[in-house]
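Novice: Generate a structure from the sequence data that follows.
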Amino acid sequence: MPTTREAGAIDQDIDRRIAQRLVQLRADRSWSLDELAGHTGISRPTLSRIERSELSPTAAMLGALCSAYGWTLSRLMADAEARPPQLVRAAEQAEWTDPESHYRRRIVSPPSPDLRGELVEVHVPAGATVSFEAAPIQGLEHHLWMIEGTMRIDVDDATFDLRAQDCLRYVLTGPSRFRNTGKRAARYLVAMVRP
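Specialist: Now for the predicted structure:
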């Protein structure tokens, strides 16, 4: 059981990590402290002290901040937990195959509350097409690197033909379609970064 001094240090560390996360959430939205004050009803000076980790926010304050950012309090707390680097073994990487197109995706680096990125490996059989009607998250950043084969990719209103070693970078805001235009299976990696 931690001593009173150790418990105090742990609480300060959690407050510091919450403060850092709150700063990042505000920066992600390009909000000023005044804009955040307008969204939360918390004064600008109080928000400034919270973000500098000079003031431990109350549950009501955290609730107002989470509402403004569209987060749950549990997600904010989980995001603030200290986590060591995590190794994801090949055997632990989930794989799924679409029963219709036989498109296969392996989650190389799965989502994590303390990380904004994911890494997915995709295999698309020759002649297969996979379409998505909308972005799962508006503003989701993709870096798609072709490993082998060829693909025609439609993102919003643009079409791109990719060959091995090409990289397509985009922010997903609408529909997308992935077509293997070759005579062999295609394989690519997608690094996804949440906004």
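
Novice: residues contacting residue 33?
Specialist: Residues in contact with residue 33 (C-beta atoms under 8 Å, 6 or more residues apart in numbering) are 26, 44, 47-48, 51. For glycine as for every other residue, the C-beta is placed from the backbone atoms N, C-alpha and C.

Novice: One more: residue 137?
Specialist: Residue 137 sits in contact with 172, 194-195, where contact means C-beta under 8 Å, 6+ apart.

Novice: swap the cut-off to 10 Å and go again
Specialist: Going by C-beta atoms under 10 Å, 6 or more residues apart in numbering, residue 137 touches 172-173, 192, 194-195.

Novice: Any stretches of this structure with poor pLDDT?
Specialist: 1-12, 74, 78-85, 114 (pLDDT under 70).

Novice: what are the ranges of the helices in it?
Specialist: Using DSSP state H, the helices assigned to the chain run over residues 4-29, 33-40, 44-51, 59-69, 73-80.

Novice: Let's have those helices in a markdown table, adding distance to residue 179.
Specialist: As requested, those are arranged in a markdown table below (distance: least, C-beta to C-beta, whole Å):
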| stretch | distance to residue 179 |
| --- | --- |
| helix 4-29 | 33 |
| helix 33-40 | 42 |
| helix 44-51 | 46 |
| helix 59-69 | 37 |
| helix 73-80 | 36 |
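
Novice: sorry, back to before: out of the contacts of residue 33, which is nearest to residue 20?
Specialist: Of all those, residue 20 sits closest to residue 51, with 8.5 Å by C-beta to C-beta.

Novice: Skip the chain neighbours and tell me the closest residue to the closest one.
Specialist: Of all residues not flanking residue 51 in the chain, residue 23 sits nearest, at 4.9 Å (C-beta to C-beta, 6 or more residues apart in numbering).
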